[in-house]
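Enquirer: below are the sequence and a predicted model; questions follow.
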Amino acid sequence: MVSAVSFRKTDLEEFLQNYFYKGFQSCIPLQGDAGLRSYYRIKESDDRSYILMDCPPTYCSIDPFIEIAHYLRSQNFSSPEIFHFDSKKGFIILEDFGDVSVKNVIQNSPHDLHLRKNTYSSMLDVLILLQQNIPTFSLKIYDNNLLLNELKLFTEWYILYRLKRNLSIIELDDFKDIWQRILNHQLSFNNCLVLRDYHVENIMYLESYKGIKSLGLLDFQDAIIGSPIYDVISVLEDARIKVPRAFALDCLKYFAAEKKLELPDVLVDYHILGAQRNLRILGVFARKYIRDKNGNYLRYIPLVLEYLNYDLSHPIMLKLKNWFSKIIN
């Protein structure tokens, strides 16, 4: 019997032959993301390189990635050019942005505070410009129902990982009721493009460009219409690199001033959406461990919990903080 894996390997080889009809020198696997997509760097004999994205259609469609990539390029942001794709089978050949991410830039100069400040200001500047326009094509709205639904990742996977049991009906109902009340306190409108995975490992440093063009955007296929604060949280509460609280607050002040928003309003949404996002991430990391037998993401949990503890410090979050303290001993 021929396996589905064999079929996909044959499809991939045919896809590559259609584009690289003269052949290529190498195809090297790269580190993937928390999903089921795979990435490879393909080099031709003249050392030109490309990125191959392999996204099984049973996992998700590549069409949103393609559509958003074209939109970002049309708005003068640096997103990878798409050279060849097969929507039906889930393959894309992309522009190669290299190996240097914003995370690498920051970690390679840990004591250069000026560099760190400028780098984070640039990431926020991208968001400020990005939020000036909304795509004309249809995207989901990050409404309260979707935010609540995402919290199932926490209640179904992180609780099981942490407590080795499921929540009782009463515990779960309390959690949902608390969150429904919290989400009603949001002050910002769902009125801008949210990339959702906007963090230092998904932003590449493009040395040959200046200004916002020097930041290469990746992993935006889950983009949605939502709060202008959400992607700011992705930057300032990054599970993969610790952002000091005082520095994060300075960044928030900068963002609020540039957006002409009141800082207390920004902080309300920051704490609400920050807590929601971090609970979701805890669930994602726990699911990777339990379901996918991948423990690589467990090392990020302590920092996510540290961010969550800050998010729960706002008075609006008091009932959730009490629930969390009672359940997660």
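Expert: Sure thing, it's come through.

Enquirer: residue 263 touches residue 256, doesn't it?
Expert: Yes - counting by Cβ atoms under 8 Å, residue 263 touches residue 256, with 4.7 Å between them. Bear in mind the C-beta positions are built from the backbone N, C-alpha and C, glycine included.

Enquirer: between these two, point out the one with more neighbours.
Expert: residue 256 (19 against 14; other Cβ atoms under 10 Å).

Enquirer: quick check, pLDDT for that one.
Expert: On pLDDT, residue 256 comes in at 96.

Enquirer: could I get the full set of helices for the stretch 1-150 of the chain?
Expert: Applying DSSP state H, counting those that start in this stretch to the stretch 1-150 of the chain gives helices spanning 4-19, 63-74, 102-108, 113-130, 144-150.

Enquirer: residue 314: which of these is closest?
Expert: Closest approach to residue 314 among the helices of the stretch 1-150 of the chain (Cβ to Cβ): helix 144-150, 16.5 Å.

Enquirer: pLDDT of the closest one, averaged?
Expert: 96.

Enquirer: distance from the chain centre to it, please.
Expert: Chain-centre distance of helix 144-150: 17 Å, with Cα atoms, centre = their mean, to the nearest Å.

Enquirer: so what secondary structure elements neighbour it?
Expert: When contacts are defined as 3 or more Cβ pairs under 8 Å, 6 or more residues apart in numbering; DSSP states H and E, helix 144-150 packs onto helix 169-183, helix 263-290.

Enquirer: what packs against the last one?
Expert: For helix 263-290, the elements it packs on are helix 144-150, helix 152-153, helix 159-163, helix 169-183, helix 230-236, helix 245-259, helix 301-311, judged by 3+ Cβ pairs under 8 Å, 6+ apart.

Enquirer: distance between the ends of stretch 215-233?
Expert: 18 Å (Cα to Cα, to the nearest Å).

Enquirer: between the helices of the stretch 1-150 of the chain, which one is nearest to residue 300?
Expert: Of these, nearest to residue 300 by Cβ to Cβ is helix 102-108, at 12.9 Å.

Enquirer: mind checking the SS state of the residue nearest in space to the middle of the chain?
Expert: The centroid of the chain falls nearest to residue 197 when counting by Cα atoms, centre = their mean (1.3 Å). Of the three states, residue 197 takes coil under DSSP: H, G, I helix; E, B strand; the rest coil.

Enquirer: am I right that it is in contact with residue 222?
Expert: Yes - the pair residue 197 / residue 222 is scored as a contact, 6.5 Å apart, by Cβ under 8 Å.

Enquirer: count the residues that sit near residue 30.
Expert: Neighbours around residue 30, by other Cβ under 10 Å: 11.

Enquirer: next one: residue 222
Expert: Residues within reach of residue 222, counting by other Cβ under 10 Å, total 16.

Enquirer: show me the contacts for it.
Expert: By Cβ atoms under 8 Å, 6 or more residues apart in numbering, the contact set of residue 222 is 64, 196-197.

Enquirer: the nearest residue to residue 148 once chain neighbours are set aside: neighbour count?
Expert: Counting by Cβ to Cβ, 6 or more residues apart in numbering, residue 148 lies nearest to residue 179, which is 5.9 Å off, once chain neighbours are set aside. Residue 179 has 21 neighbours, counted by other Cβ under 10 Å.

Enquirer: shaky segments in the chain?
Expert: Within the chain, the segments meeting pLDDT under 70 span 1-7, 32-35.

Enquirer: quick one, domains of it?
Expert: Domain assignment for the chain, taken from automatic domain parsing, gives 4-95, 102-327.

Enquirer: quick one: distance of the longest one to the chain centre.
Expert: Relative to the mean C-alpha coordinate of its chain, domain 102-327 is positioned 8 Å out (Cα atoms, centre = their mean).

Enquirer: got the contact list for the residue nearest to residue 148?
Expert: 147-148, 151, 276, 320 are the contacts of residue 179 under Cβ under 8 Å, 6+ apart.

Enquirer: mind giving me the ChimeraX command for buried ones among those residues?
Expert: In ChimeraX syntax, the buried subset of those is picked out as below (16 or more other Cβ atoms under 10 Å):
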select :147,151,276,320
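
Enquirer: how about TSV for the helices and strands packed on helix 144-150, with distance to residue 12 added?
Expert: Converted to TSV, the helices and strands packed on helix 144-150 look like this (distance: least, Cβ to Cβ, whole Å):
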stretch	distance to residue 12
helix 169-183	42
helix 263-290	24
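
Enquirer: distance check, the closest residue to residue 308 other than its chain neighbours against residue 154.
Expert: Closest residue to residue 308 apart from its sequence neighbours, by Cβ to Cβ, 6+ apart: residue 278 at 4.3 Å. Using Cβ to Cβ, to the nearest Å, residue 278 is found at 9 Å from residue 154.

Enquirer: okay, those two: which has more neighbours?
Expert: Neighbours were counted for residue 278 and for residue 154 using other Cβ under 10 Å; residue 278 has more, 24 against 21.

Enquirer: dump the residue contacts of the more buried one.
Expert: For residue 278, the contact set (Cβ under 8 Å, 6+ apart) comprises 237, 304-305, 307-308, 311.

Enquirer: can you do 6 Å?
Expert: Taking Cβ atoms under 6 Å, 6 or more residues apart in numbering, we find residue 278 in contact with 304, 307-308.
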